[in-house]
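Colleague: coords below, sequence missing:
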C-alpha cells in the first residue's frame, strides 16, 4: 500500500472506495471485478480489481488488485494484499501473491491447506 500512497494523491479517497466495495463483497462478487479464488468451509480468498479515484482507467486496465480474506460467518473482509500487476516480479502472478500471503499471513495461508 505504501507505493500507492506515494504514487497517488487521491489514495485516501481510493481507499475509502475500496472499503465501501469490500463492505458489500457479496454484491461485488456478482460483477466481473471480483472472484472467489480459494474456498474452504466458510472462508474464502477473493481477488478484486480496483481503479484509482478520478483516474481515467478502468479497474481492469489499471492492473490494480486486492487479495481479500472473507469469513462468511463474521463477514468483515480483511485486506491481505494490495498491489499493481506491474509490482509483480515473478512470471506467474498467482504464484507471486500466494507466496506473499504465505510470508505475511501464514495463519490464513494454512487455513486453505496449501
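Modeller: Done, it's in. On a predicted model such as this, the values are computed, not experimentally measured, just so you know. Residues are numbered from 1 along each chain as shown.
Colleague: Doesn't residue 82 lie inside a helix?
Modeller: No - if the criterion is DSSP: H, G, I helix; E, B strand; the rest coil, then residue 82 is strand and not within a helix.
Colleague: just for this structure, where's the confidence low?
Modeller: 114 (pLDDT under 70).
Colleague: With adjacent residues omitted, what lies nearest to the residue positioned nearest the centre of it?
Modeller: Closest to where the C-alpha atoms of the chain average out (C-alpha atoms, centre = their mean) is residue 66, at 1.5 Å. In space, and not counting its chain neighbours, residue 66 is closest to residue 48: 4.6 Å by C-beta to C-beta, 6 or more residues apart in numbering. Placement of C-beta: from N, CA and C, glycine included.
Colleague: other SSEs contacting the helix or strand hosting that neighbour?
Modeller: Taking DSSP states H and E as the criterion, residue 48 maps to strand 43-50. Counting contacts by 3 or more C-beta pairs under 8 Å, 6 or more residues apart in numbering; DSSP states H and E, strand 43-50 packs against helix 11-23, strand 34-40, helix 59-62, strand 64-71.
Colleague: All good on my end, thank you.
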